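S.K.: output the structure for:
(one chain, ligands or ions: 1)
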Amino acid sequence: MDREADIIASEHEVYQPSPDVIRDALIQDYDQIMARALEDPEAFWAERAQALDWFQPWEKVLDDSNPPFYKWFVGGKTNIVHNALDRHAKTWRRNKLALIWEGEPGDTRTFSYYRLWQEVCKFANVLRSMGVKKGERVTIYMGRVPELPIAMLACAKVGAVHSVVYGGFSEQALADRIEDAQSRVLVTSDGAWLRGKVVNLKSMADEAIHRSPVVEHVIVVKRTGQEVYMEPGRDYWYHDLMSLPIASNTCQTEVMDAEDPLFILYTSGTTGKPKGLVHTHGGYQVFTSTTLQWVFDVKEEDRYWCAADPGWITGHSYIVYAPLILGATSFMYEGAPAHPYPNRWWKMIENYNITVLYTSPTALRGLMRFGDAWPRRHDLSSLRLLGSVGEPINPEAWRWYYNIIGQGRCPIMDTWWQTETGGFMITPVPSVPLKPGSATRAFAGIDVDVVNEDGEPVAANEDGYLVIKRPWPGMARTIYGDPDRFVQQYWSRFATHGFYLTGDSARKDDDGYFWIIGRIDDVIKVSGYRLGTAEVESALVSHPAVAEAAVIGMPDEVRGNVIWAYCILRTGYEATEKLNDELKEHVRHETGPIAVPSRIEFVDSLPKTRSGKIMRRVLKAHALGKDVGDISTLEA
Ligand code: WT7
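M.R.: All right, here's what the predicted structure looks like:
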């Protein structure tokens with residue numbers, strides 16, 4: 001069956017939760033809670049906020065006097081690290097495991113809440129000793145090792161704003177982010193393990209600092225032990241600093257305003273310049289902890305595994321902050337899913353008794369390819385709940401996940417959200433009947449709809465713009481250093497209605513279930529990672545051979561989409577196979593492996609509008625073999 005036909009068929013395929021799931025769910029009467037929350041979202045969120053500790057209570061739940069610059073829990077004093085660690089370190093939970101970690105080569109480390117709290121205190125003291133102050137931006141560029149969450153939490157503890165750059169990005173992407181955030185301190189590692197090989201993070205960091213020379217101090221975690229260049233007076237080993245007397249076990253947590261920034265996370269948009277979305281201490285802690293607890297039904301005895309990378313929003317919200325706030329035990333794995341064999345994940349689920357697994361459709365499709373024998377060889381009976389995020393999950397992958405991994409026992413929480421939203425927006429909870437490929441309905445207190453060009457709701461089963469109609473506590477507050485772009489990008493399209501524009505198209509079926517269709521802007525989702533066409537294009541034109549470039553996303557069985565690029569060469573360069581390879585290598589080097597086009601075509605010209613904008617739609621139609629009229633100018 002082709003994918004579209006499968007999606008249409010799956011609309012009538014409903015999976016009811018089992019009586020056991022309903023009985024054991026933390027949240028009962030969800031429909032009633034949802035109805036009440038939508039009637040009075042402020043009362044709902046205030047109640048949720050009361051479940052956390054505040055140094056000083058808020059005076060106003062929502063300040064909407066200056067839209068779209070909404071403020072939540074105004075006047076409240078808090079620090080997310082107090083809720084995530086400090087308070088647990090004083091209760092019985094101090095001896096509960098916070099983090100179980102396995103490295104790709106098979107080494108393991110575990111951290112109790114007390115131990116994690118101590119490490120964070122120590123590193124926070126190190127940062128303070130380097131003069132890191134409240135509001136200062138610290139860039140973190142690392143693989144999936146425990147020091148990554150430790151560094152994030154230490155920043156937050158001293159009131160610094162972390163900017164984590166995904167370890168899969170390279171030189172230019174890192175340099176741009178360091179530059180935009182004006183980071184004086186960079187935390188990185190000597191390397192990271194991936195598919196049995198070492199990724200040279202430190203040498204990429206060195207090159208990025210060379211391009212953006214604002215960095216004064218580099219702290220290097222020793223992970224792989226390979227020889228790396230250490231610049232005297234600039235570079236320090238993490239373990240050396242952590243053994244100094246200043247790195248003591250206790251550290252005062254900075255008192256933050258609810259609206260003080262917690263982190264900047266860069267994401268792709270319509271221009272080449274990455275957007276630094278700003279999230280805050282107060283609203284974000286309420287939103288992420290509520291959504292995680294209700295959707296993944298997190299209980300004291302769970303072993304929860306979010307297999308994303310902490311370098312993306314999924315990891316920020318649902319590996320680092322929310323699980324710790326809930327006092328949960330998380331598992332984290334450093335490396336590639338199929339290394340050294342395709343059973344790696346299933347083996348770890350068995351070994352560590354994982355109860356909740358949260359991953360992406362692309363990872364599932366990748367593992368599905370190896371066949372059912374690999375998961376079937378393992379005891380996966382500990383699993384009770386599954387999750388998916390990053391792109392629409394095709395019904396075929398959904399059924400495989402449900403039947404083979406969940407063995408027909410585990411509901412799948414398909415969570416739709418974005419870097420900008422901070423947490424889940426459209427998602428089921430365990431008691432909600434599921435349809436493969438639909439993220440079901442909006443979370444309690446969240447007002448989502450599908451509208452037409454004029455902002456009017458469309459009829460059932462019609463496509464339209466996916467919008468969010470009311471503010472929510474986890475929303476990004478601005479784009480770092482560029483509030484105008486924040487307004488322009490998200491709030492101008494439906495300004496008269498005051499809607500937030502998600503950039504996705506969607507439709508609602510007769511039961512009010514949302515079906516996400518995909519991006520309608522210049523964002524491409526490759527393996528669930530978000531890339532801007534402009535980012536890849538600017539990497540291509542930074543090569544001396546390329547005069548102009550345009551990229552499009554093309555459907556792919558495993559990765560969802562892959563990138564195809566069209567390049568016009570400068571005179572004097574020849575369209576050879578060798579140059580083709582060289583350009584791919586160049587993109588890998590500048591932006592990172594995820595941005596590498598799977599195909600590059602050399603052309604004489606690109607289809608453009610009169611105003612000179614590249615018509616990517618035409619390129620795509622052509623690539624898909626659809627009729628686009630005269631395309632003679634496209635052929636090289
Ligand atoms: C875009 C946001 C949110 C964490 C990871 C992605 C797509 C995300 C789903 C889903 C269909 C999804 C959307 C969205 N997306 N989750 N469950 N079903 N599409 O965050 O990198 O900011 O990307 O990912 O297109 O707009 P992000």
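S.K.: tell me the contacts of the residue in the stretch 101-250 of the chain positioned nearest to the ligand?
M.R.: In the stretch 101-250 of the chain, no residue comes nearer to the ligand than residue 166, which is 10.3 Å away by CB to the nearest ligand atom. Any C-beta I mention is one placed from the backbone N, CA and C, and that applies to glycine too. The contact partners of residue 166, by CB atoms under 8 Å, 6 or more residues apart in numbering, come to 309, 311, 312, 592.
S.K.: what is the nearest of those residues to the ligand?
M.R.: Closest to the ligand, out of all of the contacts of residue 166 and judged by CB to the nearest ligand atom, is residue 312, at 6.1 Å.
S.K.: what pLDDT does the closest one get?
M.R.: pLDDT for residue 312: 94.
S.K.: give me the nearest residue to it, chain neighbours excluded.
M.R.: Taking CB to CB, 6 or more residues apart in numbering, and ignoring the residues beside it in sequence, residue 312 has residue 166 as its nearest neighbour in space, at 6.1 Å.
S.K.: give me the residue from the stretch 301-450 of the chain nearest the ligand.
M.R.: residue 419 (3.4 Å).
S.K.: ok so, going back, in what helix or strand does the residue nearest to residue 312 lie?
M.R.: Using DSSP states H and E, residue 166 falls within no helix or strand.
S.K.: quick check on the nearest residue to residue 358 once chain neighbours are set aside: phi, psi?
M.R.: Once flanking residues are discounted, residue 358 sits nearest to residue 387: 3.5 Å by CB to CB, 6+ apart. Note on residue 387: its backbone torsions stand at phi -140, psi 160 [degrees, to the nearest 10].
S.K.: what about residue 387, how many neighbours?
M.R.: 27 (other CB atoms under 10 Å).
S.K.: ok, residue 362 - contacts?
M.R.: Contacts of residue 362 (CB under 8 Å, 6+ apart): 390, 391, 527, 528, 558, 559, 560.
S.K.: list the contacts of the first one.
M.R.: Residues counted as contacts of residue 390 (CB under 8 Å, 6+ apart) are 314, 360, 361, 362, 525, 528, 529.
S.K.: ok but it is inside a helix, no?
M.R.: No - applying DSSP: H, G, I helix; E, B strand; the rest coil, one finds residue 390 to be coil, outside a helix.
S.K.: any figure for the gap between it and residue 314?
M.R.: Distance of residue 390 to residue 314, computed by CB to CB, to the nearest Å: 7 Å.
S.K.: can the helix or strand of the chain with the lowest mean pLDDT be said to contact the ligand?
M.R.: Least confident helix or strand, the chain: helix 3-10 with a mean of 74, by mean pLDDT, DSSP states H and E. No - shown here: helix 3-10 not in contact with the ligand (CB under 6 Å from any ligand atom), separated by at least 11.8 Å.
S.K.: and the contacts of the helix or strand just after that helix?
M.R.: For helix 3-10, the following helix or strand on the C-terminal side (DSSP H and E) is helix 19-24. By CB under 8 Å, 6+ apart, the residues outside helix 19-24 that reach it are 297, 411, 430, 431.
S.K.: any chance of those residues in TSV, plus pLDDT and secondary structure?
M.R.: Output for the contacts of helix 19-24, formatted as TSV (pLDDT from 0 to 100; DSSP: H, G, I helix; E, B strand; the rest coil):
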residue	pLDDT	secondary structure
297	97	coil
411	98	coil
430	97	coil
431	96	coil
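S.K.: now distance to the ligand and neighbour count too, for those residues, in TSV please.
M.R.: TSV is the format used below for these (distance: CB to the nearest ligand atom, whole Å; neighbours: other CB atoms under 10 Å):
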residue	distance to the ligand	neighbour count
297	18	22
411	15	25
430	16	24
431	19	20
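S.K.: from the contact counts, what lies against the top helix by length along the chain?
M.R.: Under DSSP state H, the helix in the chain containing the largest number of residues is helix 113-129. Applying 3 or more CB pairs under 8 Å, 6 or more residues apart in numbering; DSSP states H and E, one finds that helix 113-129 makes contact with strand 97-102, helix 147-157, helix 238-242.
S.K.: CA atoms only: put the shortest one into CSV for me.
M.R.: What that stands for is helix 238-242. What follows is helix 238-242, C-alpha atoms only, in CSV (Å, rounded to 0.1, in the frame of the first residue of the first chain):
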residue,chain,number,x,y,z
TYR,A,238,37.1,19.4,32.9
HIS,A,239,38.5,16.7,35.3
ASP,A,240,41.4,19.0,36.3
LEU,A,241,39.0,21.8,37.1
MET,A,242,36.6,19.5,39.0
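S.K.: tell me the mean pLDDT for that helix?
M.R.: Here helix 238-242 scores 98 as its mean pLDDT.
S.K.: just the buried positions in that helix, please.
M.R.: 238, 241, 242 (16 or more other CB atoms under 10 Å).
S.K.: residues contacting the last one?
M.R.: In this case it means residue 242. 119, 122, 123, 126.
S.K.: need the phi and psi values for residue 381.
M.R.: Taking degrees, to the nearest 10, you get phi -70, psi -10 for the backbone angles of residue 381.
S.K.: got a pLDDT number for it?
M.R.: 98.
S.K.: not counting its neighbours along the chain, what's nearest it?
M.R.: Nearest non-adjacent residue to residue 381 (CB to CB, 6+ apart): residue 407, at 7.4 Å.
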